[in-house]
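[1] need a structure here:
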Amino acid sequence: MNPTLTLNQKPFSEGRVSDAFTASCGRVSLLNWENLRTGGGAMATLIARRDKWYARIRFYANGRRIERQIPLLTESKVTARERLSEVNRYEQDIKNGMMFHFPWQQEQSYTKLKHLTIAEASKQFLNGRLGEGIGESTIKRNRCSLNALMKVTGKSFPIERISI
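    Now for the predicted structure:
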């Protein structure tokens with residue numbers, strides 16, 4: 001059933017969806033329209049690289065396009081589609097910066113949230129500082145400070161447990 005415009009209705013505008021339009025189209029809602037319009041509604045897609053399948057998630061953060069690729073560790077497209085559906089369940093969390101170990105990436109048969117450790121975060125931080133053109137003595141001081149922190153907390157301490 002196609003939506004029709006009667007004389008007492010206003011045409012559709014980006015800022016509002018009329019009740020008649022929503023009722024005639026069924027599942028359409030302003031929230032879904034906004035997600036589709038801004039690219040937030042797109043799901044992970046399959047891509048093939050070197051005879052293996054990957055799930056690709058694209059999104060925008062601070063005006064920059066970000067792409068995350070999750071290895072599906074299979075050559076079979078059928079298996080890749082099954083694993084893609086598992087990735088799609090956690091897509092919004094992945095877009096929010098969480099990292100996961102999926103069942104095919106580990107020995108367990110369930111998806112596990114990967115915690116960012118102090119060692120991993122400090123490595124990422126120092127690599128980022130090197131790319132910013134920061135002086136070598138500053139980098140050395142940063143590395144020394146992070147090593148002192150890791151001596152107290154341990155290298156495998158989850159970064160999200162640190163509070164100020």
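[2] for the chain, which segments count as helices?
    The residue ranges that make up the helices of the chain, judged by DSSP state H, are 19-25, 30-38, 77-89, 91-95, 118-131, 136-153.
[3] show me what the shortest one is packed against.
    The reference is to helix 91-95. Using 3 or more CB pairs under 8 Å, 6 or more residues apart in numbering; DSSP states H and E as the contact definition, the elements that helix 91-95 packs against are strand 52-61, strand 64-71. The C-beta positions use only the backbone N, C-alpha and C, and glycine is treated the same way.
[4] and the last one, by the same measure?
    Here helix 136-153 is seen to pack against helix 118-131 when contacts are counted using 3+ CB pairs under 8 Å, 6+ apart.
[5] next, the angle from the helix it packs on to helix 136-153.
    Here the directions of helix 118-131 and helix 136-153 differ by 170 degrees (axes from the mean of the first three to the mean of the last three CA atoms, to 10 degrees).
[6] residue contacts, the residue nearest the centre of the chain?
    With distances taken as CA atoms, centre = their mean, the residue of the chain nearest its centroid is Lys95 (2.1 Å). With contact set as CB atoms under 8 Å, 6 or more residues apart in numbering, Lys95 has these partners: Ile57, Phe59, Arg68.
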